[in-house]
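Chemist: Can you look at this prediction? I've put the sequence above it.
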Amino acid sequence: MHTVRLEILTGPSLEAALPALAGLRIKVFREWPYLYDGDLAYEEAYLQRYRNSKDAIVVGAFDGDRLVGASTGTPLVDHAEDFAVAFAGSEIDLNTVFYCAESVLLPAYRGLGLGHSFFDARESHARDRGFLLSAFCGVLRPQDHPMKDKDYAPLDPFWRKRGYAPLQGVVAQFSWKDIGSSCATDKPLQFWAQDLSPSP
């Protein structure tokens, strides 16, 4: 049985974890449905936004000193250049939205409840800072995709159990290179959200 501790990473501890987090993203997102053929230099540059955003959160899952999982989040406006178009047809004010960017966890540590802990930490962080919505996005892949993992269990039931639902018409386009591809191609990502207002 693995003993894992969670740690909110800020300042020097966040900076120190970025290379390991970049490696985790490449490893985990290589799996279906992302099939991401990652690049370490891109990853380390991308992750600097968590160092630079005053309201960002990085939650690290450690087995001893080893980073085995992490989740991240920032105000959605910190990603406005990526997602403003997706929200353009909605009435949602981007300033009210906290973006739960990613959760990555090595396979051996799944099924221990860490997914819930990752969301709990980010949602609490967002509420404390006055955000009204918590949102994330997931890639949409064709059901007949030739690289589909037949054993993959979609996370939709997990997300719905936490109170999230798809935002109708809020679909972003993001580009990356799939495993086995020679160039990057656009992928649709469906946004999901939930109200962060306290329960009555």
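Modeler: Noted; the coordinates are in hand.
Chemist: Once you drop chain neighbours, what's closest to the spatially most central residue of the chain?
Modeler: In the chain, the residue lying closest to the centroid (CA atoms, centre = their mean) is residue 102, at 1.4 Å. Nearest residue to residue 102, sequence neighbours excluded (CB to CB, 6 or more residues apart in numbering): residue 72, at 5.6 Å. In short, each C-beta sits where N, CA and C put it, glycine included.
Chemist: follow-up on the earlier one: surely the residue nearest to the centre of the chain touches residue 79?
Modeler: No. Applying CB atoms under 8 Å as the test, residue 102 and residue 79 come out as separate, 11.6 Å apart.
Chemist: Check what pLDDT the closest residue to residue 61 other than its chain neighbours gets.
Modeler: Nearest residue to residue 61, sequence neighbours excluded (CB to CB, 6+ apart): residue 69, at 3.6 Å. We have a pLDDT of 97 for residue 69.
Chemist: Contact partners for residue 69?
Modeler: 4, 24, 60-61, 103-106, 109, 114, 118 (CB atoms under 8 Å, 6 or more residues apart in numbering).
Chemist: Buried ones among the residues you listed?
Modeler: Among the contacts of residue 69, those classed as buried by 16 or more other CB atoms under 10 Å are 4, 24, 60-61, 103-106, 114, 118.
Chemist: quick one, phi/psi of the closest residue to residue 129 other than its chain neighbours?
Modeler: Here the nearest residue to residue 129 in space, its sequence neighbours aside, is residue 55; by CB to CB, 6+ apart that works out to 5.5 Å. Note on residue 55: backbone dihedrals following degrees, to the nearest 10 are phi -110, psi 10.
Chemist: Residue 2: what secondary structure?
Modeler: coil (DSSP: H, G, I helix; E, B strand; the rest coil).
Chemist: correct me, but it touches residue 108?
Modeler: Yes. Between residue 2 and residue 108 there is a contact under CB under 8 Å: 6.9 Å.
Chemist: shared neighbours of those two, which are they?
Modeler: residue 68.
Chemist: ok, back up a step: look up how far residue 169 lies from the residue nearest to residue 102.
Modeler: Residue 72 sits 25 Å away from residue 169, going by CB to CB, to the nearest Å.
Chemist: ok, now which ones touch the residue nearest to residue 31 when sequence neighbours are not counted?
Modeler: Leaving aside its chain neighbours, residue 31 sits nearest to residue 149 (7.2 Å; criterion: CB to CB, 6+ apart). Residue 149 is in contact with 31-33, counting by CB under 8 Å, 6+ apart.
Chemist: State the pLDDT value of residue 1.
Modeler: 60.
Chemist: Same check on the one 5 residues further on?
Modeler: According to the per-residue confidence, residue 6 scores 96 in pLDDT.
Chemist: For the helix or strand containing it, C-alpha coordinates in CSV please.
Modeler: Assigned by DSSP states H and E, residue 6 belongs to strand 5-9. Output of strand 5-9 as CSV, limited to C-alpha atoms (Å, rounded to 0.1, in the frame of the first residue of the first chain):
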residue,chain,number,x,y,z
ARG,A,5,1.3,12.9,1.2
LEU,A,6,-0.3,16.0,-0.5
GLU,A,7,1.5,19.3,-0.4
ILE,A,8,0.5,22.7,-1.6
LEU,A,9,3.5,23.9,-3.6
